[in-house]
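> sequence plus the predicted model coming up.
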Amino acid sequence: MLDVGCASGLEMTDLQALGLDPVGMDVSREHLRIARDRLPSAGLARGTALALPFPTGAFQGVWASASLLHLARAEAPGALAEIRRVLADGGAFYASVQRGSGEGWVRGAVGTDLWYAFYEEDEWRDLVTAAGFSILWFYASDEGETQEGATGWINCLAVTS
């Protein structure tokens, strides 16, 4: 299971607890250092969702929880194509993005500006299916903490088609 944008590896511990063998990937060296301290035996790689440093069909699953929303909207199709590429046939893909419209720099909780792209439900659904996925479960919610400009969350579970 590839965790795209694993940050400090917090969700990787949850994936391990479920009996999965997560591999984490993030652009931040500091996040990967923290993830290594948290999960010394886990596989970790530095990279971006736009050019995943893994072979075609390498994973049975990809987890992208609140990570793809940090890419520019124009980059989303390329990132979804890369995720599709590294998934084996029948592989599962989970993603969560913030619901809304537009994109831009937003002051994050830790006082750092981060890039956020927001998506309407139909728009995200169309991007996922255009990348070659069949959606199994799609849920939009007003619940949970969001950034300025967002109106909620979109959660999607899909498989390669």
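Nice, I can see it.
> and the nearest residue to Ala66 once chain neighbours are set aside, what element?
Nearest residue to Ala66, sequence neighbours excluded (C-beta to C-beta, 6 or more residues apart in numbering): Ser96, at 5.4 Å. Where C-beta positions appear, they are placed from N, C-alpha and C, glycine not excepted. If you go by DSSP states H and E, Ser96 is part of strand 87-100.
> how about Arg85, what does it touch?
Leu52, Thr56, Gly57 (C-beta atoms under 8 Å, 6 or more residues apart in numbering).
> again, only this time at 10 Å
Leu52, Phe54, Pro55, Thr56, Gly57, Ala58, Ala131, Gly132, Thr160 (C-beta atoms under 10 Å, 6 or more residues apart in numbering).
> and Ala140, by the same measure?
Counting by C-beta under 10 Å, 6+ apart, Ala140 touches Arg99, Tyr119, Glu120, Glu121, Trp124, Arg125, Thr151, Gly152, Trp153, Ile154, Asn155, Cys156.
> distance to Gly47 added to those, as JSON lines?
As requested, these are exported to JSON lines (distance: C-beta to C-beta, whole Å):
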{"residue": "Arg99", "distance to Gly47": "27"}
{"residue": "Tyr119", "distance to Gly47": "23"}
{"residue": "Glu120", "distance to Gly47": "28"}
{"residue": "Glu121", "distance to Gly47": "29"}
{"residue": "Trp124", "distance to Gly47": "23"}
{"residue": "Arg125", "distance to Gly47": "26"}
{"residue": "Thr151", "distance to Gly47": "31"}
{"residue": "Gly152", "distance to Gly47": "29"}
{"residue": "Trp153", "distance to Gly47": "25"}
{"residue": "Ile154", "distance to Gly47": "24"}
{"residue": "Asn155", "distance to Gly47": "24"}
{"residue": "Cys156", "distance to Gly47": "22"}
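> might you list the low-confidence residue ranges for the protein?
Scanning the chain for pLDDT under 70 picks out 109.
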